[in-house]
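Novice: everything below, folded, please.
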Amino acid sequence: MAAITPLLADEHRCCDESFAAAEEAAQAGDPVGCRQRFQQFQTAMEHHFQKEENILFPAFEQVTGNAVGPTRVMRLEHQQMRQALAEMSDTLAGGDLDDFLGQAETLLILMQQHNIKEEQMLYPMCDRVLGAVAGSVIQDMRDLPASPLA
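Specialist: So this is what the prediction gives:
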C-alpha cells in the first residue's frame, strides 16, 4: 500500500538540504550563490506546501469531515513560514548575509517544529484515514506541477 509519510518526510529532508546549502553560501560570504540556493529552496518549499494544501489536506478533511483540526494548524504554520521566507528574500535582495543568517535560525526552528508535527502526527493520520485512496492522493501530489514564485 502506498504511504504518504515516507514520501513527504523525504521531501522535508530534500528541503532541509537545500536550505543548508543556502546557509552555507551565506556563511561563505557568497551572496550570489546564497540567492540562487535560497530561490531553489523557496521554490521547493512552496511546491511542498501546495501539495499539502491543494491535495493532501482537502482529501484528509473530506474523509474525516474535519477542516478545523490539524490541517488548519498546518496551514497557519505554512503562512508563518511563507512570511519568514519573504522577509529572508527581501534581506537577500539587500545583500545583508548576516541578517539573513539570523532569520535563517528562526525559520529553521519553525520548520523543525512543523515537520515533527507532520511526520509524527498528521502524515500517519493521513495514511490511516485515507487508506485505499492514499495511492491516488500520492499520484495527484506527484503530478502537481511546480509553479514559479510570484
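Novice: what's the neighbour count on His12?
Specialist: 19 (other CB atoms under 10 Å). Using the backbone N, CA and C atoms, a C-beta is placed for each residue, glycine as well.
Novice: what's the spacing between Gln139 and Gln27?
Specialist: 39 Å (CB to CB, to the nearest Å).
Novice: so the residue in the chain sticking out farthest from the centre, which state does it fall into?
Specialist: In the chain, counting by CA atoms, centre = their mean, Gly29 sits farthest out from the average C-alpha position, at 25.8 Å. Classification of Gly29 by DSSP: H, G, I helix; E, B strand; the rest coil places it in coil.
Novice: residues in contact with it?
Specialist: Leu97 (CB atoms under 8 Å, 6 or more residues apart in numbering).
Novice: mind checking how far it is from Met45?
Specialist: In terms of CB to CB, Gly29 sits 24 Å off from Met45.
Novice: export stretch 70-86 to PDB, keeping only CA atoms.
Specialist: Provided in PDB are the C-alpha atoms of stretch 70-86 (Å, rounded to 0.1, in the frame of the first residue of the first chain):
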ATOM      1  CA  PRO A  70      -4.700  19.600  12.400                       C
ATOM      2  CA  THR A  71      -4.800  20.800   8.800                       C
ATOM      3  CA  ARG A  72      -5.900  24.300   9.900                       C
ATOM      4  CA  VAL A  73      -2.900  24.500  12.200                       C
ATOM      5  CA  MET A  74      -0.600  23.300   9.400                       C
ATOM      6  CA  ARG A  75      -1.900  25.900   7.000                       C
ATOM      7  CA  LEU A  76      -1.400  28.600   9.600                       C
ATOM      8  CA  GLU A  77       2.200  27.400  10.100                       C
ATOM      9  CA  HIS A  78       2.700  27.400   6.300                       C
ATOM     10  CA  GLN A  79       1.700  31.100   6.300                       C
ATOM     11  CA  GLN A  80       4.200  31.800   9.100                       C
ATOM     12  CA  MET A  81       6.900  30.200   7.100                       C
ATOM     13  CA  ARG A  82       5.900  32.000   3.900                       C
ATOM     14  CA  GLN A  83       6.200  35.300   5.800                       C
ATOM     15  CA  ALA A  84       9.700  34.300   7.000                       C
ATOM     16  CA  LEU A  85      10.700  33.300   3.500                       C
ATOM     17  CA  ALA A  86       9.500  36.600   2.100                       C
END
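Novice: all set now, cheers.
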